[in-house]
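Novice: Next input, structure requested:
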Amino acid sequence: MHPGIRIVTFLVFTACLSRATAGQLLLASALLVFPYIRSGTSLLSRALGMLRRLRWFFLSIVVLYLWMAPPDSPSFLLPDFLPAGIGPALERILSLVLIVLAVNYLLASLPQTQLIAAIYWLAAPLKYPGLLREKLALRLVMAIEAVGKLAQVSRPRPTGDGQPESGWRFYQGSYRRLIHTLQFYYRHAQEQAASAAGQEYRFDCLDSPPLWQWGSPLLVYGLFLLARG
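Specialist: Numbers count the residues shown, from 1 in each chain. Okay, the predicted model is just below:
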């Protein structure tokens with residue numbers, strides 16, 4: 001399939017998950033099962049690593065929904081006797097998990113040259129106002145590449161005195177760990193930028209896809225519409 005069509009299909013898939021119902025979440029899960037079974041365990045282990053790094057973000061969603069959700073918040077995942085907000089929070093988390101799985105599969109199935117070419121092809125309308133779509137494509141790909149490398153870096157933990165932290169001491173320790181983490185990632189990003197200076201990125205200009213391939217995003221959208229009821 002044309003790389004640009006793959007990205008458009010992914011964008012349609014993501015947009016449909018933004019306000020997904022129970023049937024749509026089930027449909028999205030089913031659509032992702034076959035690609036992951038066919039791709040083997042390596043792709044799944046990479047996705048699990050991405051989800052593990054988002055665990056605190058998922059926890060913050062639960063906390064926010066517990067705090068802000070009205071008492072009569074409907075949920076189609078959990079029974080009504082559970083605290084208000086748990087069901088809607090888990091629905092949002094499941095949507096995000098499916099989006100992460102889709103992103104992971106898209107990046108794994110598209111080589112870097114095809115990814116650059118697809119973004120360049122999709123950014124074709126930007127040439128009319130005089131914008132350089134080459135820079136947009138390269139910056140997006142370099143950002144994705146940098147995030148992937150950064151996620152694989154093992155951050156050294158700051159040394160402490162070993163005493164348990166409580167009260168104000170706990171907040172001071174948390175602040176120091178946060179600053180240490182930000183400084184570490186900032187220095188690492190600078191080092192990566194310096195080492196990547198002068199690196200070449202090559203890609204081939206893509207032709208327009210066959211008309212029938214546009215049926216892929218339309219089919220995904222149609223399936224989500226049918227699953228909404």
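
Novice: got the buried residues for stretch 56-68?
Specialist: Under the neighbour-count criterion of 16 or more other C-beta atoms under 10 Å, stretch 56-68 has 58, 61-62, 65 buried. (Glycine included, C-beta is placed from N, CA and C.)

Novice: actually stretch 105-114, sorry about that
Specialist: Quick answer for stretch 105-114 (16+ other C-beta under 10 Å): 105-107, 110, 114.

Novice: just stretch 14-34 next, same as before
Specialist: 14, 16-17, 20, 24-25, 27-28, 31-32.

Novice: Provide a list of residues in contact with the residue nearest in space to the middle of the chain.
Specialist: Compute the mean C-alpha point of the chain, and by C-alpha atoms, centre = their mean the closest residue is Val100, 4.2 Å away. The contact partners of Val100, by C-beta atoms under 8 Å, 6 or more residues apart in numbering, come to 47, 50-51, 54.

Novice: follow-up on the earlier one: adding pLDDT and distance to Glu134, write the buried residues of stretch 56-68 out as a markdown table.
Specialist: Listed next are the buried residues of stretch 56-68 as a markdown table, based on pLDDT from 0 to 100; distance: C-beta to C-beta, whole Å:
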| residue | pLDDT | distance to Glu134 |
| --- | --- | --- |
| Phe58 | 84 | 37 |
| Ile61 | 82 | 37 |
| Val62 | 82 | 42 |
| Tyr65 | 76 | 42 |
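
Novice: what's the closest non-adjacent residue to Ala47?
Specialist: Asn104 (4.3 Å; C-beta to C-beta, 6 or more residues apart in numbering).

Novice: I'd assumed Met50 was in contact with that neighbour.
Specialist: Yes: under the criterion of C-beta atoms under 8 Å, Asn104 makes contact with Met50 at 6.0 Å.
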